[in-house]
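Trainee: Task: produce atomic coordinates for the following.
(one chain, ligands or ions: 1)
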Amino acid sequence: MKKIVVLTGAGMSAESGLKTFRDADGLWEEYPVQKVATHEGWLNDPTLVTQFYNMLRKKCWNVKPNEGHKLVAELEKKYKVTVVTQNVDNLHEQAGSTKVIHLHGELMKVCSSNDPDDPRYQQTLTEETCEIEPGTKAADGSLLRPFIVFFGEAVPMISAAAEECQDADIFIIIGTSLNVYPAAGLINYVRPGVPVYVIDPKPISAGGRNITQIQKGAGEGMRELTTLLG
Ligand code: OAD
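Mentor: Just a heads-up that it's a prediction; the model follows:
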């Protein structure tokens, strides 16, 4: 069975009703990224950061996977598929994808601010518990923080993702501006000669590599690609 790796970004979830970050009217226009998504921002004002992710979490409970997520999940009928996502929502999982690597964390989880990666202090939230009261502590006594990789922090899942990319037979990129590293560098792990497809309404440059662009939204683009793959 051939292996497909799908790298996704905020545009993947746009048709579900979640805002992207860098488009006009994107999230970073409304909320200054330095305040709500950086390591420094967390240290300066953990209450604001907690409230920002409470707001995002609430939005996420009310959205559903779109056709694009569903068609990505359906690729598993014919291929071995790994989804590497920069998204913190769980729409790929809800659509049925069984192997999803979250590079930038998961919105529905919280963790210790002392050691975010210690699984003993991670909790998965439910609809009832998804609003975190600022000041709440993790079991190790540190402030409970969103399980999000802030700018300025290491990306622990990057080596697992790079390994997946190394043995991809087909590489698909959906809905990411490829502005944020190390995620944007993953394409460099894809072997030469492996076909690379990019689905995005805007033209995307993928480091000079020969790519097939499908300049459409995630749903329509995945429909077209599914036909193309046969
Ligand atoms: P961006 O907001 O930078 O890029 C979103 C991309 O989605 C753009 O290229 C859009 O053209 C495209 N897009 C818009 N609508 C679409 C649609 N309907 N279908 C397909 N594509 C569409 O978001 P990311 O590249 O995901 O990190 O941003 C990367 C990281 O930066 C995020 O994970 C987040 C952010 O800061 C953290 O918060 C740590």
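
Trainee: which strands and helices sit next to the strand ranked longest in the chain?
Mentor: Counting residues, the longest strand in the chain under DSSP state E turns out to be strand 105-112. Under the contact criterion of 3 or more C-beta pairs under 8 Å, 6 or more residues apart in numbering; DSSP states H and E, strand 105-112 touches helix 46-61, strand 123-124, strand 144-148. C-beta coordinates here come from the backbone N, C-alpha and C atoms, glycine included.

Trainee: Could you pull out the strands in this structure for me?
Mentor: Secondary structure of the chain (DSSP E): strands at 3-8, 80-85, 100-102, 105-112, 123-124, 144-148, 170-174, 196-199, 212-214.

Trainee: Next, see if the second one gets close to the ligand.
Mentor: No: contact between strand 80-85 and the ligand is absent, the nearest approach being 8.3 Å (criterion: C-beta under 6 Å from any ligand atom).

Trainee: again, but for the fourth one
Mentor: No: applying C-beta under 6 Å from any ligand atom, one finds that strand 105-112 is not in contact with the ligand, the shortest distance being 7.3 Å.

Trainee: Other residues contacting that strand?
Mentor: Under the criterion C-beta atoms under 8 Å, 6 or more residues apart in numbering, residues 53, 56-57, 60, 88-90, 117-118, 121-125, 130, 132, 138-140, 142, 144-149 lie in contact with strand 105-112.

Trainee: Take the strands of the chain and write them to CSV, including mean pLDDT.
Mentor: Shown next, in CSV, are the strands of the chain (pLDDT from 0 to 100):
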stretch, mean pLDDT
strand 3-8, 98
strand 80-85, 98
strand 100-102, 98
strand 105-112, 97
strand 123-124, 96
strand 144-148, 97
strand 170-174, 98
strand 196-199, 98
strand 212-214, 97
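
Trainee: May I see the ones you listed organised as CSV, with distance to A37 added?
Mentor: Listed next are the strands of the chain as CSV, based on distance: least, C-beta to C-beta, whole Å:
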stretch, distance to A37
strand 3-8, 18
strand 80-85, 16
strand 100-102, 15
strand 105-112, 10
strand 123-124, 21
strand 144-148, 7
strand 170-174, 21
strand 196-199, 25
strand 212-214, 28
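
Trainee: Nearest to the ligand, out of the helices and strands packed on strand 105-112?
Mentor: Closest of those to the ligand is strand 144-148, at 6.2 Å (criterion: C-beta to the nearest ligand atom).

Trainee: From the chain's centroid, how far away is the closest one?
Mentor: 15 Å (C-alpha atoms, centre = their mean, to the nearest Å).

Trainee: Equivalent analysis for stretch 192-206, please.
Mentor: Stretch 192-206 sits 17 Å away from the centroid of its parent chain (C-alpha atoms, centre = their mean).

Trainee: Ok, stretch 154-174 next?
Mentor: 13 Å.

Trainee: which of the residues in that stretch are buried?
Mentor: Neighbour-count burial for stretch 154-174 flags 155, 157-158, 161-162, 164-165, 168-174 (criterion: 16 or more other C-beta atoms under 10 Å).

Trainee: How about stretch 3-12?
Mentor: Buried, per 16+ other C-beta under 10 Å, within stretch 3-12: 4-12.

Trainee: can you tell if it touches the ligand?
Mentor: Yes: judged by C-beta under 6 Å from any ligand atom, stretch 3-12 comes into contact with the ligand at 9-11.

Trainee: Kindly report the residues of the chain close to the ligand.
Mentor: Residues of the chain lying near the ligand (C-beta under 6 Å from any ligand atom): 9-11, 14-15, 20-23, 26, 37, 86, 104, 149, 174-177, 179-180, 199-202, 217-218.

Trainee: quick one on the thing from earlier: and the residues of stretch 3-12 next to the ligand, which is closest to Y79?
Mentor: G9 (20.8 Å; C-beta to C-beta).
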